[in-house]
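A.B. asks: Provided below are the primary sequence and the corresponding predicted coordinates.
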Amino acid sequence: MMLQDRIISHFTDSIQTQQEAMVELCELIEYASQRLVSALLNDKKILACGNGRSATTVQLLSSAMLNQYERDRPSLPVIALSTDAATLTAIANDYHFDDVFAKQLRALGQSGDILIVYTDGNHSANIAKAINVAHDKDISVIVLAGSNGGMISALLDEVDIEIRVPSISRAHIQEVHVLITHCLCDLIDHQLFG
């Protein structure tokens, strides 16, 4: 296969995954945005976490909310739990890597906040622990997942939201997570600021 054929294949597969996600996930994305807006209107905050490349999507969300997405507006409270290298490595060193998000959530999360979790389908113990802590603290959870949802799906309560990208390709799952994040940012801005 020529290199350009591989490029075309990447674009085609990505577009197909995005179209399937649009059809299957539109209502869930809308509902998630409404839950986020409700929390923000009630002076609550959004906490977010993810591992590896998913951590970069967490940063995308927090920067768009704390600064701006596409328009100038007041900052919105989003805390990225996966960005403080000193805290992450201290917790991992003194306790266990499984605790890197849960320990922060115990300290920073309050009843009524929302935890957004990004996972591309891995069975991440640190994500699972964060979800359990969220439930203990009356923090609802929005999961952006992929594939079959893995062990994370089984942890969710009836009030939680799972937005599962219909793909087994980690790259395409992460691409759609970015697009969903952009949708959420736009919908939050639209609902809060017109």
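C.D. replies: Thanks, I have it.
A.B. asks: ranking helices and strands of the chain by mean pLDDT, which lands last?
C.D. replies: helix 150-155 (a mean of 85; mean pLDDT, DSSP states H and E).
A.B. asks: tell me the strands beside the following helix or strand past that one, with direction?
C.D. replies: Sequence-wise, the next helix or strand downstream of helix 150-155 (DSSP states H and E) is strand 161-165. Strand pairing for strand 161-165, determined by DSSP bridges: strand 140-146 (parallel).
A.B. asks: just the CA atoms of the partner strand, as CSV, please.
C.D. replies: Extracted in CSV, the C-alpha atoms of strand 140-146 (Å, rounded to 0.1, in the frame of the first residue of the first chain):
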residue,chain,number,x,y,z
SER,A,140,-21.7,12.3,39.7
VAL,A,141,-19.5,10.9,37.0
ILE,A,142,-19.4,11.4,33.2
VAL,A,143,-17.3,8.8,31.4
LEU,A,144,-16.0,9.3,27.9
ALA,A,145,-15.0,5.7,27.0
GLY,A,146,-14.6,3.5,24.0
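A.B. asks: which other residues reach it?
C.D. replies: The contact list for strand 140-146, computed with CB atoms under 8 Å, 6 or more residues apart in numbering, reads 32, 35-36, 57, 114-121, 131, 134-135, 149, 152-153, 156-157, 159-165, 167-168, 170, 173, 176-177, 180-181. The C-beta positions use only the backbone N, C-alpha and C, and glycine is treated the same way.
A.B. asks: for the protein, which segments count as strands?
C.D. replies: Assigned strands in the chain, in chain order: 46-50, 78-80, 114-118, 140-146, 161-165 (criterion: DSSP state E).
A.B. asks: thank you kindly, that will do.
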